[in-house]
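K.L.:
need a 3D model of the following:
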Amino acid sequence: MQHEIFLYNIGHRLGQASSCDKVEKVGRVFDVGTGTDIWAIDFGELHPEAEVNGLDLSSSQPDLQGVSSLKNSDDNTFQKNSALAQYVNLLQEDAEKAGCDYFNIPGLADLMTKIGFTDISVQIFKWPINGWPKEDR
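P.N.:
This next block holds a predicted model:
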């Protein structure tokens, strides 16, 4: 279900990299944290010329991902004292105790640059966690 929501949210593409375009020729792809393999399977169908491999240490356990927008809402329906807000605050506190910056997702671009990646862009997509808004995406 998340895969389908992701596809809907980013315009029915498998990602934002040029290799996600059908016209692009791809050699090898390594999907780290592949989970159910659905992305790798879809990518392999899009690029039959590619060798697609996926790896997941635990195929049955979902990973938690920090998202800075969890503490906000566009329509002001997110209540600061809700159970979700308390949960997010506890996750952030525990991450800080462990020395992690749980909500610094945009900072990952700087980290990737430091280790040698180039041509990095950050795109933020809103993903409702309750009911979907009335407008498209």
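K.L.:
buried ones in the helix ranked longest in the chain, by neighbour count?
P.N.:
If each helix of the chain is counted by residues according to DSSP state H, the longest one is helix 83-97. Judged by neighbour count using 16 or more other Cβ atoms under 10 Å, the buried positions of helix 83-97 are 88, 92, 95. (Glycine included, C-beta is placed from N, CA and C.)
K.L.:
what does the model give the second one for pLDDT?
P.N.:
Spelled out, that is residue 92. For residue 92, the model assigns a pLDDT of 81.
K.L.:
what's the spacing between it and residue 100?
P.N.:
For residue 92, the distance to residue 100 under the criterion Cβ to Cβ, to the nearest Å works out to 9 Å.
K.L.:
now do residue 56
P.N.:
Distance of residue 56 to residue 100, given as Cβ to Cβ: 21 Å.
K.L.:
could I get the buried residues of helix 83-97 as CSV with distance to residue 5?
P.N.:
Below are those laid out as CSV (distance: Cβ to Cβ, whole Å):
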residue, distance to residue 5
88, 20
92, 24
95, 25
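K.L.:
name the element the residue lying farthest from the centre of the chain belongs to?
P.N.:
For the chain, the largest distance from the centre (Cα atoms, centre = their mean) belongs to residue 81, which lies 26.2 Å off. Secondary-structure assignment from DSSP states H and E places residue 81 in no helical or strand segment.
K.L.:
which secondary element of the protein has the worst mean pLDDT?
P.N.:
The element with the least model confidence among the helices and strands of the chain, by mean pLDDT, DSSP states H and E, is helix 83-97, at a mean of 81.
K.L.:
okay, now the domains of the protein?
P.N.:
Here the domain parsing of the chain from automatic domain parsing is 1-63, 64-127.
K.L.:
between these, which one is closest to residue 134.
P.N.:
The stretch from the domains of the chain with the least distance to residue 134 (Cβ to Cβ) is domain 64-127; that distance is 10.1 Å.
K.L.:
now that closest one, how far from the centre of its chain.
P.N.:
11 Å (Cα atoms, centre = their mean, to the nearest Å).
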